[in-house]
Structure formats: structure tokens, C-alpha cells
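J.: Sequence and predicted model, in that order:
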Amino acid sequence: MFEQWLPFLAIASGVLLLLVVSMAVVVFMLGKTVKKLSGRLMFLDVEVRQLREQLQAEDWSDNTVAPQRHPVKHGDVHEAAVRSPYALAIELAHQGYGAETLASQCGISRGEADLIISLYKSNAG
């Protein structure tokens, strides 16, 4: 009685397995994309903060027109971060990011990231 259903069940099982594997690959790829975009967002956040500080530091009381600035090219990062990965790590620590994120995004060791967090976490909050 069940023998007539065996070929159908075998095909259905194969299709289901293929679907599960495909979904796992999609989830894995989305996770990598999210991580990459998260890192880029951190750099852009630092850059926006720097630009805001520059604008606040300039005196616009004479109502002059702001000078034209060169557009930021895709891939540029915060200038201080290029000179010093520790400056960026401190900035990210102030924003509450963990040691693993600091290490991977700033190119420093996990121990250095832990030290930066221990030194600057109390100052952030």
C-alpha cells in the first residue's frame, strides 16, 4: 500500500533537503552582507560626527555662504582612522561597540581592543 508513495516521498524529501540547504546558504550570505554593511556604517558614522564637529567649530555669525566642500568619494574613511586605528577604536568604544568589532574593524588585536574598551568605556557613559 505504501510502496506506491515511495517514489513521491523520495522526490519530495530531496526537494525539501535542497530547499533547506538553499535557505541556509542565503542566510549565511545575508549575514556576511549585514556584517560588511555594519562595518561601513560605523565608518560613515564616525565621518559624519567629524563633519558635524567641523561645522560647529566654524564661525558662521557673519552670515557668509559656507565654502564648497569636495564630495566624499566612495570608500573614503575618517582621516584620523587612516592615520591611527586606535583613534577609530576609541571612537567606536565610546559608541558602545564590543572588542571583537573594534579588533576586526580597526585592524588591532583583541587584547588591544579589550584594553581600549576598559580605558574608555567608563568615560563613554
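T.: Thanks, I have the structure now.

J.: what's around T101, how many residues?
T.: 19 (other C-beta atoms under 10 Å). For glycine as for every other residue, the C-beta is placed from the backbone atoms N, C-alpha and C.

J.: With V34 as the reference, measure out to it.
T.: Distance of T101 to V34, computed by C-beta to C-beta, to the nearest Å: 13 Å.

J.: max-length helix in the protein?
T.: Secondary structure assigned by DSSP state H gives helix 6-57 as the longest helix of the chain.

J.: Point out where this protein drops to low pLDDT.
T.: Confidence mapping of the chain against pLDDT under 70 gives the ranges 1, 59-83, 122-125.

J.: now do 90
T.: Counting by pLDDT under 90, the ranges of the chain that qualify are 1-7, 32, 34-97, 101-102, 104-107, 119-125.

J.: Compute the number of surrounding residues for I116.
T.: Around I116 there are 21 residues (other C-beta under 10 Å).

J.: what about it, which helix or strand?
T.: Using DSSP states H and E, I116 maps to helix 110-124.

J.: chain center to that helix, what's the gap?
T.: The chain centre lies 19 Å from the centre of helix 110-124; the measure is C-alpha atoms, centre = their mean, to the nearest Å.

J.: Counting neighbours, which bits of that helix end up buried?
T.: Neighbour-count burial for helix 110-124 flags 112-113, 115-117 (criterion: 16 or more other C-beta atoms under 10 Å).

J.: mind checking how far R52 is from D45?
T.: Taking C-beta to C-beta, one finds R52 at 11 Å from D45.

J.: For those two, work out which one has more neighbours and name it.
T.: Between R52 and D45, counted using other C-beta under 10 Å, D45 has the larger neighbour count: 14 against 10.

J.: Quick one: residues contacting that one.
T.: D45 is in contact with Q95, counting by C-beta atoms under 8 Å, 6 or more residues apart in numbering.

J.: Distance check, it against S109.
T.: 23 Å.

J.: Ok, S22 next?
T.: For S22, the distance to S109 - C-beta to C-beta - is 38 Å.

J.: cool, E47 as well?
T.: Taking C-beta to C-beta, one finds E47 at 25 Å from S109.
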